[in-house]
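Engineer: got a predicted structure here, sequence first:
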Number of protein chains: 2
Amino acid sequence: MSGPLADLHILDLSTYVAGPSATMTLAQLGADVVRVDPLGGATDTRRLPLGADGTSLYWAGLNKGKRSVELDLRSESGRDVVRSLLAAPGDGHGLLVTNAVGQSWLDHRELRRVRSDVIVARIGGRGDGRPAVDYTINSEVGLPWLTGPVDSARPVNHVLPAWDLLTGLHIALALLAAHRERTATGRGRLIEVGLADVAAATMAHLGFVADAVVNGPGRLRDGNYLYGSYGCDFATGDGRRVMVVALTARHWDTLVELTGTRAVLDSLQRALDTDFGDEGARYAHRDLISAVLAPWFSARTHAEAVAALDAGRVLWGDYRTLGEFVTDPLVTANDLFHQVDQPGVGVFPTPGPVARSAGWGLGEPVPAPRLGADNDTVLREWLRTESGRA
Amino acid sequence: MSGPLADLHILDLSTYVAGPSATMTLAQLGADVVRVDPLGGATDTRRLPLGADGTSLYWAGLNKGKRSVELDLRSESGRDVVRSLLAAPGDGHGLLVTNAVGQSWLDHRELRRVRSDVIVARIGGRGDGRPAVDYTINSEVGLPWLTGPVDSARPVNHVLPAWDLLTGLHIALALLAAHRERTATGRGRLIEVGLADVAAATMAHLGFVADAVVNGPGRLRDGNYLYGSYGCDFATGDGRRVMVVALTARHWDTLVELTGTRAVLDSLQRALDTDFGDEGARYAHRDLISAVLAPWFSARTHAEAVAALDAGRVLWGDYRTLGEFVTDPLVTANDLFHQVDQPGVGVFPTPGPVARSAGWGLGEPVPAPRLGADNDTVLREWLRTESGRA
């Protein structure tokens, strides 16, 4: 491998989304990542969606570019192999990512006996020790009661496991920071990132916490409106939808100009003694503004509206189904994606690293391994033994 | 500052969520981050929600722990100050984060004349040059048609700007990777991460793309169900809701045991010739399973259900409003949060770094600066001039 992290060798004993996405991201930047699974694979091995032969497309997506070692992790001999891999000599070794809870053999204190400068990056759930996954944390930070139709009596979960993904990138970042520190000082570390902490902290970063504490917990459900400025979805005459956003004064001006609504909006601003050039005013009057703008969209087909929005340089996005998305140029004419043959599944568009830099030479994305495919080569390379069967 | 990145000095010319959250995360790991704003502040300076004096709580959340330099960026003399700051000597200097488009003075080629090994980390929108923000990208990758009530005729936007946040962490990670490479080779870099690339790649990582390409675009809206395994929200007898998840066979077993539904579920499994111990079977029969489980929840108050769920070690989460969340122990009894006095706003709970490691000594979170508060000190420290007014 090439890439800026090509000297790193990372043991990945994590499962589901957070840990695997962290190490996959590091692998795509050049790191040598070895995912270690118990015999038959961890609990995420057969997670839906599946290919025709039963291969998990989810697992394949989150473990691409890694190598796979399959071991009897219930036995001391299997655990000895992990310990040996972690103790492999060199500055780039001695790095472990895990989300195991209650497995004392993976404790930092235990692993320090194996390699004194080991870096263990552990993903946790809740600080109080209660188990947690993305979907049970998300409901606790208040978002589902802010998501979805204004008149819904039920909370609405979002589909993206955003907390898992963010937690994974925080772990990847902390691992790099810790390795950098170890290079300077020789000291290893236990780093912990908790899913609940990431969700709660992120809600604070975005101002949700301060708003509720300082101004009171009055923020309401907004449906498809963008909070705090102007953004809304509109139906075109042929029943499709577009998302239109006016975040800045310039965005707003282009939208007003294109839709020919300036006279009406000006009279409203005068009557209401407000200025829609101010994002707070746009947000406060969002229903009124949408009612003024909507006829422009309903009087046009999707094709007509889209052509005009682009010509007018309005900030907008199309609403696509999943099927439309995967046949869109964003996937089919984007050099981020390569047609990769995933063993057992076949060829499908697979993204390389999202961080692009001319000269990093990261090449084409590498598919996920078959379980245990790399037992021999990894043990031979990392442990420099004759036979990989240590 | 202490922390693993204490030797880094980063110039932040970014706005809104992605760039500012990237540099704020790096600042919380110890980096010296200087946000540079045009006179009066960039377009995100007054974004809602606001405190009583008009201070943006959103801006405060995303810029905490940084210092602020305010310059006339339309003038060559203001731009000269930025160039001088970027050229400050030392391995930890020469790092810039930006999401500016079409500002040629911030081009990598231009900035290399100022410092040959400069690292420019640039956040972009769409690869085709069309402008894009989180909300217009999200609609294009298919999620809003998968989010929300099954019977809704409209797409449902989620509220969390997840693509911005993920893009920010990818930029932070790439910046560290590039700095690490520069330390080894002396070479600078232009790194680019596009919002649309992050969204499209992440949809691929999670298996959405492969599923639609290999199996056809048949994935349906699931409402509040967890895709591919079993997870569902239930109403308690007093009208509250909880999210219950059975991701693994063990989770499922605890849920069946607690709710006393084993006999009914066993008879169903026999009649349907299936095994709910398999996550795919649980997902296929999710409506049936929920109908069997629901009476247990509706027969109990929220307090009774919650006590039993905890005692039975079921994986569950509460549905909280924003007001409930900010008064929950996750915020009020979590040592991640500190009561920080934000100038102009007052005291509210503010999170420190989510990556925790005993000994990093990251201390209490630092509030966001007032605009331009650090002009003199930053210029003095970075440029070692007598007067900061360069």
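Structural biologist: Looks like it arrived, so ask away.
Engineer: any idea how far the most centrally placed residue in chain A is from chain B?
Structural biologist: For chain A, A:Leu165 is the residue whose C-alpha lies nearest the centre (C-alpha atoms, centre = their mean; 3.5 Å). Distance, A:Leu165 to chain B, by C-beta to the nearest C-beta, to the nearest Å: 6 Å. Using the backbone N, CA and C atoms, a C-beta is placed for each residue, glycine as well.
Engineer: what's the answer for A:Ala27, then?
Structural biologist: Separation of A:Ala27 from chain B (C-beta to the nearest C-beta) stands at 12 Å.
Engineer: let me know the next secondary structure element after the helix or strand that residue falls within.
Structural biologist: Counting by DSSP states H and E, the element that carries A:Ala27 is helix A:18-28. Using DSSP H and E, the helix or strand that follows helix A:18-28 in sequence is strand A:32-38.
Engineer: so A:Val306 touches A:Val314, yeah?
Structural biologist: No: counting by C-beta atoms under 8 Å, A:Val306 sits too far from A:Val314 to count as a contact (10.1 Å).
Engineer: in the stretch 101-250 of chain A, mark out all the strands, start to finish.
Structural biologist: For the stretch 101-250 of chain A, the strands defined by DSSP state E, counting those that start in this stretch cover A:119-124, A:189-194, A:230-235, A:241-246.
Engineer: make a markdown table out of those strands and add mean pLDDT and distance to chain B.
Structural biologist: Below are these laid out as a markdown table (pLDDT from 0 to 100; distance: least, C-beta to the nearest C-beta, whole Å):
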| stretch | mean pLDDT | distance to chain B |
| --- | --- | --- |
| strand A:119-124 | 97 | 9 |
| strand A:189-194 | 96 | 5 |
| strand A:230-235 | 98 | 5 |
| strand A:241-246 | 98 | 4 |
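Engineer: just those strands: most buried one?
Structural biologist: Of all these, strand A:119-124 has the most neighbours on average by mean count of other C-beta atoms under 10 Å in any protein chain shown, namely a mean of 26.
Engineer: ok now that one, how far from the chain's centre?
Structural biologist: Strand A:119-124 sits 18 Å away from the centroid of its parent chain (C-alpha atoms, centre = their mean, to the nearest Å).
Engineer: list the strands paired with it, with their directions.
Structural biologist: Strand A:119-124 has the following strand partners under DSSP bridges: strand A:95-98 (parallel), strand A:189-194 (parallel).
Engineer: check the offset of the shortest one from the chain's centre.
Structural biologist: Averaging C-alpha positions (C-alpha atoms, centre = their mean) puts strand A:95-98 19 Å from its chain's average.
Engineer: could you do stretch A:225-242 as well?
Structural biologist: 25 Å.
Engineer: CA atoms only: put it into PDB for me.
Structural biologist: Extracted as PDB, the C-alpha positions of stretch A:225-242 are listed here (Å, rounded to 0.1, in the frame of the first residue of the first chain):
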ATOM      1  CA  TYR A 225     -37.600  23.300   7.000                       C
ATOM      2  CA  LEU A 226     -34.000  24.100   7.600                       C
ATOM      3  CA  TYR A 227     -33.700  25.500  11.100                       C
ATOM      4  CA  GLY A 228     -32.600  29.100  11.600                       C
ATOM      5  CA  SER A 229     -32.500  30.300   8.000                       C
ATOM      6  CA  TYR A 230     -34.600  29.400   4.900                       C
ATOM      7  CA  GLY A 231     -34.800  25.900   3.300                       C
ATOM      8  CA  CYS A 232     -37.800  24.000   2.200                       C
ATOM      9  CA  ASP A 233     -38.900  21.300  -0.100                       C
ATOM     10  CA  PHE A 234     -41.300  22.100  -3.000                       C
ATOM     11  CA  ALA A 235     -43.500  19.900  -5.200                       C
ATOM     12  CA  THR A 236     -43.100  20.500  -8.900                       C
ATOM     13  CA  GLY A 237     -46.200  20.300 -11.200                       C
ATOM     14  CA  ASP A 238     -45.500  16.700 -12.100                       C
ATOM     15  CA  GLY A 239     -45.300  15.500  -8.500                       C
ATOM     16  CA  ARG A 240     -41.500  15.400  -7.900                       C
ATOM     17  CA  ARG A 241     -39.800  17.300  -5.200                       C
ATOM     18  CA  VAL A 242     -36.800  19.600  -4.800                       C
END
